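**Q** model this:
(3 chains)
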Amino acid sequence: MMETVKQIQESLAKRETKPSEWVAKALQQIDAHDGQIGAFLTVDREQALAAAKRLDETETEQVERSGPQPLFGIPYALKDNICTEGLRTTAASRILENYIPPYSATVLHRLEGAGGVLVGKTNMDEFAMGSSTETSAFQVTHNPHRVGHVPGGSSGGSAAAVAANMVPFALGSDTGGSIRQPAAFCGVVGVKPTYGRVSRYGLIAFASSLDQIGPFTQTVEDAAIVLNAICGFDPLDSTSTQRKAERFDEDLAAGVRGLRVGVLRHAVDGGVDAGVAAAFQKAMEVLKDAGAELVEMDLPHLDYAVATYYLLAPAEASSNLARYDGVRYGRRVEAATLLDMYEKSRSEGFGREVKRRIMIGTYALSSGYYDAYYLRAQKMRTLIRQDFTEAFATCDVIASPTVPTPAFAIGEKVDNPLQMYLNDIFTIPANLAGLPSISVPCGAVDGLPVGLQLVGQAFAEKTLLRVAYAYEQMRGFERSLGSEEVGQ
Amino acid sequence: MDITEDTVRQVAKLARLAMTDEEVHAMAPELNDILSYAQQLQKVSLEDVEPTSHSQLLTNALRVDSPKPSLAREEALRNAPDSDEGQIRVPAVLEG
Amino acid sequence: MNYETVIGLEVHVELKTKTKIFCGCRNASGAEPNTHVCPVCLGHPGTLPVLNEEAVDLALRAALALHCHINQDNKFDRKNYFYPDLPKGYQISQYDRPIGEHGYVTIEVGGVEKRIGITRLHLEEDAGKSTHSIDGTHTLVDYNRTGVPLVEIVSEPDIRSPEEARLYLEALRSILLYCRVSDCKMEEGSLRCDANISLRPLGSETFGNKAELKNMNSFRNVERGLEHEVVRQTAVLSSGGTVVQETRRFDEATQTTLSMRSKEEAHDYRYFADPDLVRVHIDDVWMESARAQIPELPQAKMARYRRDYELSAYDAGVLTAEVEVARYFEELIAGGVPAKTASNWVMGDLLAYLNSTHRTMDQSPVSPAQLAALIGEIESNRISLKQGREVFRLMAESGKSAAAIIEERGMVQLSDESALGSILDEVLANNPKSVEDYLGGKEKALAALVGQTMKATKGQANPGIVNKLLLEKLAGKKG
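**A** Numbering: from 1, shown residues only, chains lettered A, B, ... in the order given. Modelled structure (predicted):
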């Protein structure tokens, strides 16, 4: 069992433990369980131990001098689409199988600056395209709650690593739900911050106007602590916001009295699993008991969100993935002509789902179809954003299940991409509107976790965290892994 | 709306993806499914709606014109599948 | 049948910034391959572009100098295509909202002013440089140029002859040089030009099939390539054929154009707004500060020289064609040199010397202040004009000042009448034949006597005074 970020912080502050003990513990957990879970693509054992040892030694003399390091000595993992200088970064794709980045992502610098220790890189759907981590070119990741089931995706490795107690926190990326959906499936907390809060510099792009990095943690408070470290303006990302950094853990315990929670009308309709709907309704009662006002509300264009997303994201992806051409880095299949080299390298380097999305995106942008597909989707995006603006006139946060179903079995949906896409109905709108959103555990259906999703106004992460924290406290934070589950 | 196998081949060419006949055969109905689903957007009147291309409406994220260190050449070429004389080597670009 | 030539030009110009358009790598040519590159301009996974403010500023200045309407809200788009020298698989450019539109350049054709319209001017990034192996098996790519800021300037099809095309290019280059926007060196690739050319029956309003001409590395070659196309297309049309719409390459060796026979793969660039870059708003303050950076432009300067300095159209044209020449000329005037004298020196000895040594004005070994000092020595009669020209040559070769050379060589002009008087007496005594001839009515004999005097004084005698004294003395002998 892995302590929370907060607990490790306190233990280290009291000098009861040393960073290297925590890093060693994380590595032990990985050794013990990752054979069964498959959360990690790369474990950077030597580097992690060396970094922890340095922290052990600097602890006494330098900690005070070097200023606050909120994540001092705390081990963590990064999704393998976040670039780490000198450490293989693959985006779970054959085409980047041996890619060693010459630079590091801004979030890595921030986490290092905060004293965190990177232990490894986690599995994911190839280029973050998927909802199950099954499209990884390298391995399957298993849900720690039931190993025959998927952990969700695309950040399935990060979610599973936290759920299986391998690391107290991990980062993922969320383009259409890729943090919140696996958080829900794995029974952990996952946050997608407001677009622009966290620098995307060094995040291997899927759909640039939708991608955002965020944390997986065991508790809401831990999520706030990690957000403190990773949010903030970055001059290397033109889309990062210049807003001043906030202390996200400040007002967590302020309660929900007086806050209006919008209950999405679609949340319990026919498309939602009965068990999930029941868990969600119970969560709403908990919030009501805590003093929140429940307001029924609607997003009139919600039904168009999936179609909009599955045109816009592939369109951007088709362009973002053009750089994988076998020329400067990545996999190359040698051929006599340049055209052959391009086509063979890309065909052998990309998996089926990635190719499918490149095809949709290329088609949606191509002359003659741009207006009918891409442009219409961009216009629908405007209407969906307007839906949220209008909704926030009547409520402070919008609640729904994170996913309409609990985790599905491995292999169950791989042959039906559209079915897989439709499962993203509740998570996609926040990406289209650039809004912050969180998934917190809210019970289980037959032992499989269910997530409660909250969406807030742009830059209102603190309100989101306050509601999520109040819910978590009322429900009673419990470690829900049962006897057949992994990672205890 | 109908994605024929020919359309699949044309789009694959544009995207620089080689596809076997079987792949083309399998891809066509998948794309048809997804694009048919996307057809629902055709039912909505969107004439007077402005398109959204960015999540936040920021302007003027500009950089001062001052040099930063470049990569050492070995570092720049380290991931290259093939290089020669400090340059990246590729099969001949045929310029007709 | 008579045909009318219709030409439109697409010019790419590299902007003179210190760094590339989207990263901090240096914008400098001539470095070892792949030494001015970083993860951003190599298109590494996860990297993002951040726009260089100076690139926008220079593009704005160029657009204003070309009388363009400015789009104050700018966005950047991706132009998607695969090429080894294009690292991201797309070029960041401006598609439907160029920074400048509807501008013009004025040229003078056969003494008549003509406006060539500019359709658009937009900002974009340059690609790398590909070198093709001689055996045709492979290509080597250098990414130093990748991400260098460019403006693309597209003209209207207003150009009616190869000569007009050259005049347009010269005028455009001159304006951009004046504005310090670019080096505009076609040989080094900082200015590149593609041309579209078609013919149509005189009086027709519709355009004929056009050829796109590439690979011309000098203004002269642009003109020659177009001239060849006029001949070629005329022959095709006159024999009842149709001009093939295609891309053709100028071949310098044969001075002709050749079809590139590319399979003309239909380009589908799939432009869309780049989600990694935000909009750029150019407010009125920015606009005005850019306008303030535009100096007096060549045509205005030329008019002023003609008016204020009473120079001929030709002289004013030569002096204003290059901003460095005009600046030199104006510094001479600021140094107190009369305009005509300044013009004569710049257009005469100075440009001749620079041409003969293959130098440009900014490499002149004689500064305007040094030349002004030399002219002062002549104007004050300390040395003769003839001596002055010799001194100029010595200054250019040695870098020394006029005063030092005059001193060193003892080049003082003899103007003292009593000293010259005794020398003249000797000359007259030693040349009785010339004296006799002159007195006998042969006026030419005077020149011989002046020559003898100059010889006797080693060229230092003031020729004006020698003439005067000789005439006085000869008149005395007559009497």
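**Q** so what's residue 86 scoring on pLDDT?
**A** Here I'm looking at chain A. A:Gly86 carries a pLDDT value of 97.
**Q** I was thinking of chain C, sorry if that wasn't clear
**A** pLDDT, C:Leu86: 97.
**Q** now the one 3 residues further on
**A** In this prediction, C:Gly89 carries a pLDDT score of 98.
**Q** How about the contacts made by it?
**A** A:Ser319, A:Leu321, A:Ala322, A:Arg323, A:Asp325, C:Gly43, C:Asn80, C:Tyr81, C:Phe82 (Cβ atoms under 8 Å, 6 or more residues apart in numbering or on different chains). Where C-beta positions appear, they are placed from N, C-alpha and C, glycine not excepted.
**Q** does the closest residue to the second one other than its chain neighbours sit in a helix, a strand or a coil?
**A** Closest residue to A:Leu321 in three dimensions, ignoring its sequence neighbours and counting by Cβ to Cβ, 6 or more residues apart in numbering or on different chains: A:Ile358, at 6.0 Å. Following DSSP: H, G, I helix; E, B strand; the rest coil, the label given to A:Ile358 is helix.
**Q** Could you pull up the residues touching A:Ile358?
**A** Contacts of A:Ile358 by Cβ under 8 Å, 6+ apart are A:Pro314, A:Ala317, A:Ser318, A:Leu321, A:Phe350, B:Ala15, B:Leu17.
**Q** do that again at 10 Å, thanks
**A** A:127, A:129, A:314-315, A:317-322, A:324, A:346, A:350, B:11-12, B:14-17 (Cβ atoms under 10 Å, 6 or more residues apart in numbering or on different chains).
**Q** before we move on, what about C:Ala63?
**A** C:Ala63 is in contact with C:69-71, C:98-101, C:103, C:118, C:120-123, C:151, C:153, C:181, C:282, C:290, counting by Cβ under 10 Å, 6+ apart.
**Q** Where strands are concerned, which of these count?
**A** Among these, DSSP state E puts C:His69, C:Ile70, C:Gly100, C:Glu101, C:Gly103, C:Ile118, C:Arg120, C:Leu121, C:His122, C:Leu123, C:Val151, C:Ile153 in strands.
**Q** for the third one, which residues make a bridge with it?
**A** Under DSSP bridges, the beta-bridge partners of C:Gly100 are C:Ile70, C:Leu121.
**Q** Same question for C:Thr131.
**A** Judged by DSSP bridges, the bridge partners of C:Thr131 are C:Leu140.
**Q** Quick check: phi and psi on C:Lys212?
**A** Slight slip there: residue C:212 is Glu, not Lys. phi -100, psi 120 (degrees, to the nearest 10).
**Q** count of residues packed around the residue in chain A that chain C sits nearest to?
**A** Of all residues in chain A, A:Ala322 sits closest to chain C, at 2.4 Å by Cβ to the nearest Cβ. When counting by other Cβ atoms under 10 Å in any protein chain shown, one arrives at 25 neighbours for A:Ala322.
**Q** and the gap between it and A:Phe206?
**A** Look at A:Ala322 and A:Phe206: by Cβ to Cβ, to the nearest Å, they are 13 Å apart.
**Q** show me the contacts for the spatially most central residue of chain B.
**A** For chain B, the residue nearest the mean C-alpha position is B:Ala15 (6.5 Å; Cα atoms, centre = their mean). Shown in contact with B:Ala15 (Cβ under 10 Å, 6+ apart): A:318, A:321-322, A:342-343, A:346, A:350, A:355, A:358-359, A:361-363, A:366, C:80, C:82, C:89, C:270.
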